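In: sequence? don't have it. structure:
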């Protein structure tokens, strides 16, 4: 009877051991499939990361191109503003008041061609704002 009890206990132990092995195998399979899923996920992430890096490089190139264009436009605007400032600050022939202008037009009064030509020349000089240094070298007979 004792042998039967021992055999019975051994059989029970074998059944329990068999259940433990089955659970271990089941857990191992679950862990292995989870590991495979993780590997697939990480490979997918690596591929997406590579795509993002390429996209980032393209966007950086486009940004550099736009920055160059923007700096060129900015430089043109600054040059234009400097030209406008030079133009507005240029030396003018005269800071002429109405009184000075009328007196200047009275000097060459007369019906002759030379007087008329001189008046027209004065008018052109005043209207165009000719610079004094351009006007001084002119010789009058």
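Out: Yep, it's here. It should be emphasised that the depicted structure is a prediction, and the values quoted were computed from it without experimental measurement.
In: just checking, what packs against the longest helix anywhere in the chain?
Out: Secondary structure of the chain per DSSP state H: the longest helix is helix 2-88. Judged by 3 or more CB pairs under 8 Å, 6 or more residues apart in numbering; DSSP states H and E, helix 2-88 has no packing partners among the helices and strands. Bear in mind the C-beta positions are built from the backbone N, C-alpha and C, glycine included.
In: Could you list the low-confidence segments of the protein?
Out: Along the chain, segments meeting pLDDT under 70 span 91-96, 132, 140-141.
In: run the last query once more with 80
Out: Applying pLDDT under 80 to the chain flags the ranges 1, 3, 88-110, 122, 125-141.
In: Domain boundaries for the protein, per the record?
Out: 1-89, 91-141 (automatic domain parsing).
In: Relative to the whole chain's centre, how far out is the longest one?
Out: Right, the one you point to is domain 1-89. Here the centre of domain 1-89 is set off from its chain's centre by 30 Å, with CA atoms, centre = their mean, to the nearest Å.
In: Tell me how far the strand or helix carrying residue 133 lies from the chain's centre.
Out: Secondary structure assigned from DSSP states H and E places residue 133 in helix 132-135. How far helix 132-135 lies from its chain's middle: 46 Å, per CA atoms, centre = their mean.
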